[in-house]
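In: Need coordinates for the following:
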Amino acid sequence: MSLNNKPDLNRKALLTFLFAVAISAIISWLLQPLVHGNDTAITTIVTVFSILSGFSILVISQLGDVSLVPHGDWKIVEINKSELKKKLTAHKVLFLTYLSTLLAALFLSLIRNDSVDSPIDWAQVPVEYLFLFLSSISMIASYKLPYFIEEIQEYRYDIIIKERKKRERESLKENK
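Out: Model (predicted):
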């Protein structure tokens, strides 16, 4: 616990990350035989992560929208800037995980060429494990996206409500 009686978010994030890593390791270990030689499974996973990558870019662009910058003095903006930076960093890492998954799929498709003997044929199974691990950890992290979009929308409405209340108070003062 921190001094203000709130749970330490870094500790919670670390435990969540370690849990995701453990689950992803188990999933990759159990599902690797299903992916081995299965082009359809790999294509399906690549399609899903291509879509999720685009969705992640949407979230990142929504975060960068200037309408989310709170109105008021510079201190309020500065406080919110550090929170925004944390959120952007989290989504940047998620996007990079998606890209890493797609890169592993690309590498997997290159080394799985059965018509050519390659000195890196030994890498197929380890890359399949890596591919499934990255897929699993990315998917686990993706479950937070809908909640995050809801949070962005809620924040936007809060800003609009605050601004309209302020204008209404100013209008009432002018009419007196």
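In: Against which helices or strands is the helix or strand harbouring residue 172 packed?
Out: Residue 172 belongs to helix 145-175 when assigned by DSSP states H and E. Helix 145-175 sits against helix 39-63, with contacts defined as 3 or more CB pairs under 8 Å, 6 or more residues apart in numbering; DSSP states H and E. The way it works is simple: take the backbone N, C-alpha and C, and place the C-beta from them, glycine included.
In: Can you name the next helix or strand after the helix it packs on?
Out: From helix 39-63 onward toward the C-terminus, using DSSP H and E, the following helix or strand is helix 74-111.
In: who touches whichever helix or strand comes after that following helix?
Out: Per DSSP H and E, the first helix or strand lying C-terminal to helix 74-111 is helix 124-142. Counting contacts by CB atoms under 8 Å, 6 or more residues apart in numbering, the residues outside helix 124-142 that touch it are 20-21, 23-25, 27-29, 31-32, 35-36, 42, 45, 49, 52, 94, 97-98, 100-101, 104-105, 107-108, 111-112.
In: give me that answer again for 6 Å
Out: Outside of helix 124-142, the residues that reach it under the criterion CB atoms under 6 Å, 6 or more residues apart in numbering are 20, 24, 27-28, 31-32, 35-36, 45, 52, 94, 97-98, 100-101, 104-105, 107-108, 111.
In: Fine by me, thanks again.
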